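Engineer: dropping a prediction and its sequence here:
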Amino acid sequence: MEKIITGIVFALIAAIGWGASAVLSRIALEKTDPRLATIVSLFFSSIIMFSISLSMQFNELEKLIASDFLWFFSAGLTSFAAGRLLNYVGIKNIGVAKASPLFGTSPLFAAFLAIIILSEKPTIMLGVGTILVTFGIILITKSK
Amino acid sequence: MNKLNINSKKELLGYASSLSAAFSYGISAILAKIIVDQITTPLIASSFALLFGFLILATMFYKQLFNIKSIDKKTMLFIFLAGLASCIGVGSQYYAMNNAPVILVAPITGSNALFAILFGFIFLRKIETITPLTIIGALMIIIGIIVIVLSRAS
């Protein structure tokens, strides 16, 4: 139970971090191309994360094998190269207030993918949630 | 197209990009779960994923790098802070995935929209208008996500 609560707390921190990031990037994107902003942002992020991970978990690097990098590449491609760039393009074109909720639908995709990839069981309530999310998306696209 | 009140290609691009980003992050949430379960720690995974993300985009859009001097210091600071905040988000997501199931973690991290709207309301009043319909739509998305979580967690 304690482990799950820790997970929830970190998930909440992640949500706040991304919320702040969306607003900060919105300000930066007023004067910058999303592609360049994403590249620079990822450059800074890489330095920060490597500094932390090398200082705290340097010995973990020795355990990595070549095939692990394919997983990292896949995560980098989906989460950062595609995910962050598309998110920035969305923020620049429709603003934080509309782009962020749409980006917030990612758990729905994750849930469907978990059913397909991780063999998690689908439920009727998943369908209800999907309908709510769909209507939410429609309302956002209708707002002026 | 008119029914969805999409007035321009710019808006259409924005909506399509945001939903595509969501799909992409959905895939990454699954990958994150597999990586931290079977391969390495969240910190190491985040670091290499970020590096690969940077290398992929820098290779694809290398011509953009010639314009880097056009970014003023203030904008650069905001990009840095956005990257830092996102780093905190990513690192925390990996730790969350390492401690709790994806059906609990993914919806909470997905609620970042509420924080974005809140921060936007406070800091972006001059450049963005937040309408009631947007807030209702955002809340419906969040509620929909919570419904999914509760049903799948029980």
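Structural biologist: Done, it's in. Numbers count the residues shown, from 1 in each chain, chains lettered A, B, ... in the order given.
Engineer: mind giving me the packing neighbours of the worst-scoring helix or strand of chain B on mean pLDDT?
Structural biologist: Least confident helix or strand of chain B, by mean pLDDT, DSSP states H and E, is helix B:102-110 with a mean of 75. Judged by 3 or more Cβ pairs under 8 Å, 6 or more residues apart in numbering or on different chains; DSSP states H and E, the packing partners of helix B:102-110 are helix A:2-28, helix A:106-117, helix B:9-38, helix B:73-99, helix B:132-153. Using the backbone N, CA and C atoms, a C-beta is placed for each residue, glycine as well.
Engineer: chain center to it, what's the gap?
Structural biologist: Counting by Cα atoms, centre = their mean, to the nearest Å, helix B:102-110 is centred 13 Å from the centre of its parent chain.
Engineer: list the helices and strands the next helix or strand along the chain from that helix packs on?
Structural biologist: Remark: after helix B:102-110, the chain's next helix or strand is helix B:112-123, criterion DSSP states H and E. Here helix B:112-123 touches helix A:2-28, helix A:96-103, helix B:132-153, going by 3+ Cβ pairs under 8 Å, 6+ apart.
Engineer: who touches the closest residue in space to B:I79 that isn't next to it in sequence in this structure?
Structural biologist: Once flanking residues are discounted, B:I79 sits nearest to A:A28: 4.6 Å by Cβ to Cβ, 6 or more residues apart in numbering or on different chains. Listed by Cβ atoms under 8 Å, 6 or more residues apart in numbering or on different chains, the contact set of A:A28 reads A:A37, B:T75, B:F78, B:I79, B:A82.
Engineer: one more: A:L108?
Structural biologist: Each residue near A:L108 by Cβ under 8 Å, 6+ apart is listed here: A:G129, A:T130, A:V133, B:A22, B:G26, B:G110, B:G144, B:I145, B:I148.
Engineer: returning to that earlier point: which of the helices and strands packed on helix B:102-110 sits closest to A:A81?
Structural biologist: Taking Cβ to Cβ, helix B:9-38 is the member of these nearest to A:A81, at 8.8 Å.
Engineer: quick check: mean pLDDT of the next helix or strand after the closest one?
Structural biologist: Per DSSP H and E, the first helix or strand lying C-terminal to helix B:9-38 is helix B:42-60. Per-residue pLDDT over helix B:42-60 has a mean of 93.
Engineer: between helix A:2-28 and helix B:42-60, find me the angle.
Structural biologist: Angular relation of helix B:42-60 and helix A:2-28 on a 0 to 180 degree scale: 30 degrees, by axes from the mean of the first three to the mean of the last three Cα atoms, to 10 degrees.
Engineer: what helices or strands is helix B:42-60 leaning on?
Structural biologist: helix A:34-57, helix A:68-75, helix B:9-38, helix B:73-99.
Engineer: center of chain A - which residue?
Structural biologist: Nearest to the mean C-alpha position of chain A, counting by Cα atoms, centre = their mean, stands A:S79 at 6.0 Å.
Engineer: shaky segments in chain B?
Structural biologist: By pLDDT under 70, the low-scoring segments of chain B are B:1-7, B:149-154.
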